[in-house]
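> what shape does this take:
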Amino acid sequence: MDARDIALQQSAPVVTVPRYGGFTPLTDNGHRFLVTGDGLWLEARRPWLYLRVPLAHQKSVPMPYGCIGRELSLTFGKIPRNLVVDFFRYAVDRCPQECVGWIVWNATTGEMRLVFPWEVSSGCSHVRYTRPVLNEDEHLVVDLHSHGQLSAFFSTEDDRDDRGEFKIAGVVGNCDRSQCSTAFRLCANGLFLPLAFDSTGMNGQIGGRDGYPSSFC
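Model (predicted):
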């Protein structure tokens, strides 16, 4: 086998889920693909995240493997509500210009903080910034940006920027109105999972009807 193929398969292996034996979740940071009795799944672990989600379902061909369920858990429990609200207020103050903010988690202290990256340029329909240099034990959890007077949505440019990352992404729009619009999603290496979040930013559920636990408090 080509050495490059070996390296790729070692970085993201394929594992079959046993039908009769117990399933052992991924323990190291990274991701892998799971072949189950009903299709193909993505399993990923980061210092702050554990995720197991289906990629493709099939029932036509009997497969001699077991089945698993969806799971999403955050190491720190829940994202502090006040940090999200603080960014909302900052976005309203910056309107009609767009702005950005990061919520980062410290794996050593367990603390979370809101970081405002250095902006290279910003306007009513764009913002360009330099990625903050985090401490070794800090991790990006939520990547936020605003849309000024425009509504909240994820653009094709956002899709390109978020591809390949594991993080929660959020957009705040209509910042000139009494009630902002919002859009949240979990980014998982090119897979985008919509997140339920109410328009005030006070309550939210990751996964909505898919059964994931609430991740904002």
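> now do the strands in the protein.
Listed from the start of the chain, the chain has strands (DSSP state E) covering 14-16, 30-36, 39-46, 49-57, 71-74, 100-106, 112-115, 118-122, 127-130, 138-146, 166-173, 181-188, 191-197, 204-206.
> in CSV: those strands, plus mean pLDDT.
Output for these, formatted as CSV (pLDDT from 0 to 100):
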stretch, mean pLDDT
strand 14-16, 96
strand 30-36, 97
strand 39-46, 97
strand 49-57, 96
strand 71-74, 92
strand 100-106, 97
strand 112-115, 96
strand 118-122, 91
strand 127-130, 92
strand 138-146, 96
strand 166-173, 95
strand 181-188, 93
strand 191-197, 85
strand 204-206, 40
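> gap between the closest residue to residue 191 other than its chain neighbours and residue 174?
Leaving aside its chain neighbours, residue 191 sits nearest to residue 42 (6.5 Å; criterion: C-beta to C-beta, 6 or more residues apart in numbering). Placement of C-beta: from N, CA and C, glycine included. Distance, residue 42 to residue 174, by C-beta to C-beta, to the nearest Å: 33 Å.
> can you check residue 24 too?
With distances defined as C-beta to C-beta, the gap from residue 24 to residue 174 amounts to 46 Å.
> ok, these two, which is more surrounded?
Each of residue 24 and residue 174 has its neighbours counted (other C-beta atoms under 10 Å); residue 174 has more, 20 against 9.
> who are the contact partners of the more buried one?
By C-beta atoms under 8 Å, 6 or more residues apart in numbering, residue 174 lies in contact with 147, 149, 150, 151, 152, 180, 181.
> before we move on, what about residue 189?
When contacts are counted by C-beta under 8 Å, 6+ apart, residue 189 is found next to 31, 42, 44, 163, 164, 165, 166.
> out of these, who's nearest residue 116?
Looking at these and their distance to residue 116, the nearest is residue 165, at 19.2 Å (C-beta to C-beta).
> settle this for me: the closest one is touching residue 185, isn't it.
No - the pair residue 165 and residue 185 fails to qualify as a contact (C-beta atoms under 8 Å) at a distance of 11.5 Å.
> these two: who's more crowded?
For residue 165 versus residue 185, neighbours defined as other C-beta under 10 Å are more numerous around residue 185 (20 against 13).
> wait, that one sits on residue 168?
Yes - in this structure, residue 185 is within contact of residue 168 by C-beta under 8 Å, at 7.4 Å.
> in this structure, which helix has the most residues?
Longest among the helix segments of the chain by residue count, using DSSP state H, is helix 81-94.
> show me how the chain divides into domains.
According to automatic domain parsing, the chain is divided into the following domains: 3-69, 81-210.
> any chance of the strands of the chain in a markdown table with distance to residue 159 as columns?
Conversion of these to a markdown table gives the following (distance: least, C-beta to C-beta, whole Å):
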| stretch | distance to residue 159 |
| --- | --- |
| strand 14-16 | 26 |
| strand 30-36 | 19 |
| strand 39-46 | 17 |
| strand 49-57 | 17 |
| strand 71-74 | 21 |
| strand 100-106 | 17 |
| strand 112-115 | 23 |
| strand 118-122 | 20 |
| strand 127-130 | 16 |
| strand 138-146 | 13 |
| strand 166-173 | 10 |
| strand 181-188 | 9 |
| strand 191-197 | 7 |
| strand 204-206 | 19 |
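> fine by me, thanks again.
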